[in-house]
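J.: next comes the sequence, and after it the predicted model I'd like to discuss.
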Amino acid sequence: MGIDQRTQSDHHIWWHNAAVYQVYPRSFFDGNGDALGDLVGVQNKLPYLAALGVDAIWLSPFYPSPQHDSGYDVADPRGVDPMYGTLQDAQSLINAAHDHGLRIMVDLVPNHVSQDHPWFQAALAAGPGSPERARFHFLDTHSDEPPNNWVSLFGGPAWTRTTNPDGTPGQWYLHVFDSSQPDVNWTNPDVAEDWIRTLRFWLDMGVDGFRVDVAHGLVKDMNYSDLPDPVGLTEALRFDLDDGSPEMAAKRLLIENSGFFDRDELQDIYATWRAVLDEYAGDRMAVSEAWVPPHRASRYVSPTSLHQIFGFDFLVVAWDAEIMQGTILKAMSAVADVNAPPTWALSNHDSPRVVTRLGGGEVGQARARALAVVAHALPGAMYVFQGEELGLADADLPDSARQDPVFSRTKGAQKGRDGARVPLPWSGAAPPYGFTESTTNTWLPQPDDWAQVTVEAELSDPRSILNLYRTTLHERRAVTGPVTFVDSGSENVMIFSRDSGFHVAVNTGSTPWDIGAMFPNCSVMVSSDMQVGGKEESLPPNCAVWFIA
Ligand code: NOJ
């Protein structure tokens, strides 16, 4: 079924319950034989994605970029980098995705641009006090110290000093991320206007939605006041520390008061964006990447703001039934007051792969499957990062291969995110596993032991995680009704029900749990280990099931 009829009156809003597959274009599939993934490669694999059972694709940035932060340093938000193809390729991909019944979302990076963006180059050339510099945050200092103590999320100061044409030290500019990613000044009308152009550009091309990068970060404290605890803030902003603990809650408070996150004025920007999106038929939407505490989340999903906010709790949830239940309740209640559906993600290009995070090896594999079986039964939208459906673990890369600026800016103290970004294995027994026809090395080296986790190998194994995902992603469309938790009597077993006697159970303990004792007529529909089925008596450790009782 193609998506060719767009009407405002669709009673089924596609994004409320969509499963969205995140394509990281550089590492998805090489369609032109240059050892780099590209848009033609994505188009070639649309049948794979449609068969997987997802409803939409989100493309991480494919815009012209010097790639200092894998494309999140954008030199032209309305273009396509030649390494990924052309604008015609983008149009062709959007149309072909619609023909396959898949929606397309693209990434917007409105907090910063690349140092190669013409605006930044013009600002450097124009000098202090110019309208060109007013589009960024350029400040003077009377010493060798940066204008304030703000820190980059990638490590080091959030300010870099320019050099005047005569060689003397010049003004400083703000970059919350890498120094190659200058933050734009959202109080400058040029910035707001240009972003409306960008929204319309992609909406006119037919995209169905946007993922908004650092959606909580656009507006800054224009007094540029020092922070009370910049070091604490840096730690708080490290994704891997967000474990839901009271310590993390305190750190989140730091983020709230950071001077550059989650400021009230943001909502004026998103109200304008929303008005533009609402002009277009077809339920166009935007999901915000906003790392904010639960009580602030609903602000990003109101009828005058964006449509969804990523729920990141499953990226960090502990392997513990009680904590998992609390996490699910918290995530659902965070958006319940504005009647918005929750969203779930087990992994993305910024986080460790779920298999690795949950222990690695066979245990990590089993838990990753079980967590997916739980998540795919929850209401709301599901975001699936490429390779998650193959059960890939983080690749163990040599430091010499690492490309993430997090690694270099922290001088290796943090390894960075490259391990989750390695090109996908499609077929064959050795690198490049069908990813490319080129004999050139892939941009990040693939492990030697991926022969069993290629798409080809997993499709032919009925018990593979890929076949599990294909089952749950298709079947989740039929799962309806509110979530009701059921007391299992065990601190290691979480159970919830949806409509019509449909239940989900997960065992995070180390001993089997007797399902039959509590549900004598239980009939298992799906099991994360793909072994049990039919009338089951026992739920093994690190296993989750969907069952009718
Ligand atoms: C969040 C993106 O997901 C991440 O990959 C990027 O490095 C930062 N934003 C900066 O754009």
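T.: That came through, no problem. Numbers count the residues shown, from 1 in each chain.

J.: buried set for the host helix or strand of A331?
T.: Element membership for A331 (DSSP states H and E) is helix 321-336. Using 16 or more other C-beta atoms under 10 Å as the burial criterion, the residues of helix 321-336 that qualify are 321, 323-325, 327-328, 331-332, 334-335. Placement of C-beta: from N, CA and C, glycine included.

J.: tell me the pLDDT of the residue sitting furthest away from the middle of the chain.
T.: Using C-alpha atoms, centre = their mean, the residue of the chain lying farthest from its centre is D166. It sits 43.6 Å away. In this model, D166 is scored at 94, pLDDT.

J.: where does it fall, phi/psi-wise?
T.: phi -90, psi 10 (degrees, to the nearest 10).

J.: quick one: residues contacting the spatially closest residue to P462 that is not a sequence neighbour.
T.: Ranked by C-beta to C-beta, 6 or more residues apart in numbering and with sequence neighbours excluded, the top spatial neighbour of P462 is M530, at 6.9 Å. With contact set as C-beta atoms under 8 Å, 6 or more residues apart in numbering, M530 has these partners: 462-464, 467-468.

J.: only whichever of those residues are buried, select them in PyMOL.
T.: Of these, the buried ones go into a single PyMOL selection, burial set by 16+ other C-beta under 10 Å:
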select buried, resi 464+467+468
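
J.: output the contacts of M530 as TSV; include the columns secondary structure, distance to the ligand and pLDDT.
T.: Listed next are those as TSV, based on DSSP: H, G, I helix; E, B strand; the rest coil; distance: C-beta to the nearest ligand atom, whole Å; pLDDT from 0 to 100:
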residue	secondary structure	distance to the ligand	pLDDT
P462	coil	35	95
R463	coil	33	95
S464	coil	28	97
N467	helix	29	97
L468	helix	27	98
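
J.: just the contacts of M530 now: which is nearest D213?
T.: L468 (30.5 Å; C-beta to C-beta).

J.: pull out the CA atoms of stretch 260-275 and give them to me as CSV.
T.: Presented in CSV, the C-alpha positions along stretch 260-275 are these (Å, rounded to 0.1, in the frame of the first residue of the first chain):
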residue,chain,number,x,y,z
PHE,A,260,21.7,26.8,27.5
PHE,A,261,19.1,24.1,28.0
ASP,A,262,15.3,23.9,28.2
ARG,A,263,14.6,27.6,28.4
ASP,A,264,11.0,28.9,28.2
GLU,A,265,11.6,31.0,25.1
LEU,A,266,12.1,27.8,23.1
GLN,A,267,8.4,27.3,23.0
ASP,A,268,7.8,30.5,20.9
ILE,A,269,10.1,29.0,18.2
TYR,A,270,8.3,25.7,18.2
ALA,A,271,4.9,27.4,18.0
THR,A,272,5.9,29.0,14.7
TRP,A,273,7.2,25.7,13.5
ARG,A,274,4.0,23.9,14.5
ALA,A,275,2.0,26.5,12.5
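
J.: figure out how far it is from the centre of its chain.
T.: Relative to the chain's own centre, stretch 260-275 is displaced by 20 Å; criterion: C-alpha atoms, centre = their mean, to the nearest Å.

J.: likewise for stretch 268-288?
T.: For stretch 268-288 - counting by C-alpha atoms, centre = their mean - the centre lies 20 Å from the chain centre.

J.: which residue is the nearest non-sequential neighbour of L459?
T.: Closest to L459 by C-beta to C-beta, 6+ apart is L466, at 6.4 Å.

J.: which other helices and strands contact the helix or strand harbouring that neighbour?
T.: Using DSSP H and E, L466 maps to helix 465-475. Using 3 or more C-beta pairs under 8 Å, 6 or more residues apart in numbering; DSSP states H and E, the elements in contact with helix 465-475 are helix 46-52, helix 361-375, strand 381-385, helix 455-459, strand 523-527.

J.: columns distance to A549 on top of the ones you listed, output as JSON lines?
T.: Below are the helices and strands packed on helix 465-475 laid out as JSON lines (distance: least, C-beta to C-beta, whole Å):
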{"stretch": "helix 46-52", "distance to A549": "29"}
{"stretch": "helix 361-375", "distance to A549": "16"}
{"stretch": "strand 381-385", "distance to A549": "24"}
{"stretch": "helix 455-459", "distance to A549": "30"}
{"stretch": "strand 523-527", "distance to A549": "7"}
